[in-house]
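J.: how would this look folded up:
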Amino acid sequence: MTLRKQSAADLPLPGGYREMWRIAAPLILSMGSFTIMQFCDRIFLARFSSVSIQAALPAGILAHTFICFFQALAAYAGTFTAHYHGAKDRSQCVRSTVQGLWLALASWPLILLLIPLGCWLMVLSGHAADVLAAEKTYFIILMAGGINVPLNAAIGGYFMGVGRTQINLIANAFGCLLNILLNYLFIFGHWGLPALGIAGSAYATLISGAACCALQLVVFCREQAATGCSVSWKPDLHLLERIVRFGTPSGLQLLMDVGAFAVFIMLTGRLGNLSLAASNIAFSINNLAFAPLLGFGMATSTVVSQHQGARRSDAAERAGYTGLKMGLLYMCVIGATFVLFPKGYFELFRSKNASFSADELLSMGRVMLYLMTAWGLLDTVNIVFSGALKGAGDTRFVMFYMVLSSWILLVPVTLLLLHLGYGIIGLWVWLTVYVYLLAVGFWWRWRQGRWKSIRVIEHSEGMECLSPRDDGVV
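T.: Have a look, this model is predicted:
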């Protein structure tokens, strides 16, 4: 019996559906497990008290705002890993990851120094005293253990960059399952533990995040030892400088995006308990769609990075459009459930001690879910194409466009609408318009193709660039 050698026709089309799905599927499932974790977390908090569910989203998004720059900077080491993987330089893949870990460790003191600023900003938000106290508790605990986020981004970026996203899935699924169990125990005080409420949710997040990071680090170190590749843990200043140069705009873009969104969330708290609760619950429901969409965005960024590292811009361009089509298909399916079953979603978050009725909550929340479906489709364009552009190294455009859009459009117009007396639905309509404007800009930039000429890594003579049908794993 003879084995037929695999022909070029049998291999997946570079940038096509088969290649994209191989990278994307574990990432989507990984982000899906993260979504389930957050969803359960919000349900537990809503069942614990109305104050907890009102406080969790504003405080959580503020903590994420302060940490996300360091997260994105450390994660950009994974983009370098993907480029070097495309160029078939294994040692540089490992070295890039080490630099990401150093960047993550260096960020921890800075994260801790931001705690007083965050507490001051929460006071300025004007939220009710009991909500503010819960927000501060949640925020301080998350920030104290904020090192978990950039560390996970750095080590997770290695496995994404080399296309082994199954490791990301296993680690994140383990962390999420642990988080759900700990939330159940810590929030309500089961198994003889004290009922910690919103503080218990924060502690569960830190412990599960550390476990996820440790698991990936162990696999990383064991794999290098098994292949006889010794890992140099010393900083490589030249490579570190290049990662910082490309990664800083990526971090600033995420900071401006999340920061503007955090301001939007905090401002909705001025519209009363019903508006704040409905908006926070709707955004929690939105995580069902948003987090898996991030999986499509990360997969697109990874595949684009690999093909750009191999100097195959045609395959990278195809990957961008493939990721968009897959993301839109997913969003259509999940959006249909938002439109058809709004009551079922909101029933999950009903609080026993709320100052408003379930009918009042549903009446407002139903409109939000309709709007969320519309801007979710548009946000798919933003997530996929911004990820593709960053993967190709076009981080400066993404940064400048996000800064202009967020802080010249979203925040000022939101403040104007509040001054003119518009309610929460008016703000959500404006959010939909804003997401549309973002989508147009990112689509236009990708169509221009200027990103094709950017060189993220320095190709040495020893590097190999793959042919369009090379059977190497990329």
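J.: mind listing what the most centrally placed residue in the chain touches?
T.: Nearest to the mean C-alpha position of the chain, by C-alpha atoms, centre = their mean, lies residue 294 at 5.7 Å. Applying C-beta atoms under 8 Å, 6 or more residues apart in numbering to residue 294 gives the contacts 31, 383. Backbone N, C-alpha and C define where each C-beta goes, glycine included.
J.: which SSE is it in?
T.: helix 273-309 (DSSP states H and E).
J.: could you give the mean pLDDT of that helix?
T.: Average pLDDT, helix 273-309: 81.
J.: any low-confidence regions in this structure?
T.: For the chain, the stretches flagged by pLDDT under 70 are 1-12, 227-231, 269-270, 349-358, 458-474.
J.: What does residue 312 show for phi and psi?
T.: The phi/psi pair for residue 312 (degrees, to the nearest 10) reads phi -120, psi 80.
J.: distance of it from residue 416?
T.: Between residue 312 and residue 416 the computed distance is 46 Å (C-beta to C-beta, to the nearest Å).
J.: between these two, which one's more packed in?
T.: residue 312 (22 against 11; other C-beta atoms under 10 Å).
J.: Roughly how far does that one sit from residue 299?
T.: 17 Å.
J.: what do you get for residue 86?
T.: Counting by C-beta to C-beta - residue 86 and residue 299 are separated by 15 Å.
J.: what's the answer for residue 185, then?
T.: Going from residue 185 to residue 299 by C-beta to C-beta gives 34 Å.
J.: Give me the more crowded residue out of the two.
T.: Neighbour totals were compared for residue 185 and residue 299, and residue 299 leads with 31 against 18 (other C-beta under 10 Å).
J.: OK, contacts around the more buried one?
T.: Contacts for residue 299 (C-beta under 8 Å, 6+ apart) come out as 20, 23, 24, 27, 28, 165, 323.
J.: switch the cut-off to 7 Å
T.: 20, 23, 24, 27, 323 (C-beta atoms under 7 Å, 6 or more residues apart in numbering).
J.: and the fourth one, how many residues sit next to it?
T.: By the measure other C-beta under 10 Å, the count of residues near residue 27 is 25.
J.: tell me which strands and helices the helix or strand where residue 246 lies is in contact with?
T.: Using DSSP H and E, residue 246 maps to helix 237-268. Under the contact definition 3 or more C-beta pairs under 7 Å, 6 or more residues apart in numbering; DSSP states H and E, helix 237-268 sits against helix 50-86, helix 90-113, helix 273-309, helix 395-404, helix 411-419, helix 424-448.
J.: what angle do the third one and helix 424-448 make?
T.: In other words, helix 273-309. 10 degrees (axes from the mean of the first three to the mean of the last three C-alpha atoms, to 10 degrees).
J.: what is the orientation angle of whichever helix or strand comes after helix 273-309 with helix 50-86?
T.: Sequence-wise, the next helix or strand downstream of helix 273-309 (DSSP H and E) is helix 313-340. Angle between the axes of helix 313-340 and helix 50-86 is 160 degrees (criterion: the same axes, to 10 degrees).
J.: so how far is the next helix or strand after helix 313-340 off the chain centroid?
T.: Next along the chain after helix 313-340, taking DSSP H and E as the criterion, comes helix 342-347. Its chain's average C-alpha position is 25 Å from that of helix 342-347, according to C-alpha atoms, centre = their mean, to the nearest Å.
J.: For burial, what's the neighbour tally of the closest residue to residue 428 other than its chain neighbours?
T.: Closest residue in space to residue 428, ignoring its immediate chain neighbours: residue 371 at 4.9 Å, by C-beta to C-beta, 6 or more residues apart in numbering. Look at residue 371: counted by other C-beta under 10 Å, it has 17 neighbours.
J.: Which residue lies closest in space to residue 268, excluding its sequence neighbours?
T.: Ranked by C-beta to C-beta, 6+ apart and with sequence neighbours excluded, the top spatial neighbour of residue 268 is residue 279, at 4.8 Å.
J.: Isn't that neighbour up against residue 424?
T.: Yes: with contacts counted by C-beta atoms under 7 Å, residue 279 reaches residue 424, the gap being 5.8 Å.
J.: Now do the shared contacts for the two.
T.: With C-beta under 7 Å, 6+ apart as the test, residue 279 and residue 424 both reach residue 268.
J.: who's more crowded, the two?
T.: For the pair residue 279 and residue 424, the greater number of neighbours falls to residue 279 (25 against 20), based on other C-beta under 10 Å.
J.: who's in contact with that one?
T.: Counting by C-beta under 7 Å, 6+ apart, the residues that residue 279 touches are 268, 368, 424.
J.: switch to 8 Å and redo it
T.: Contact analysis of residue 279 by C-beta under 8 Å, 6+ apart lists 265, 268, 368, 424, 428.
J.: Would you point out the most distant pair within these?
T.: When C-beta to C-beta is used, the two most widely separated members of these are 265 and 368, lying 13.1 Å apart.
J.: wait, residue 75 sits on residue 157?
T.: Yes: using C-beta atoms under 8 Å, residue 75 is in contact with residue 157, at 5.0 Å.
J.: any shared contact partners between the two?
T.: In contact with both residue 75 and residue 157: residue 100, using C-beta under 8 Å, 6+ apart.
J.: How many neighbouring residues does the nearest residue to residue 319 once chain neighbours are set aside have?
T.: Once flanking residues are discounted, residue 319 sits nearest to residue 15: 3.6 Å by C-beta to C-beta, 6+ apart. Neighbour count of residue 15, defined by other C-beta under 10 Å: 25.
J.: Can you name the next helix or strand after the helix or strand harbouring residue 131?
T.: Residue 131 belongs to helix 129-144 when assigned by DSSP H and E. Per DSSP H and E, the first helix or strand lying C-terminal to helix 129-144 is helix 148-161.
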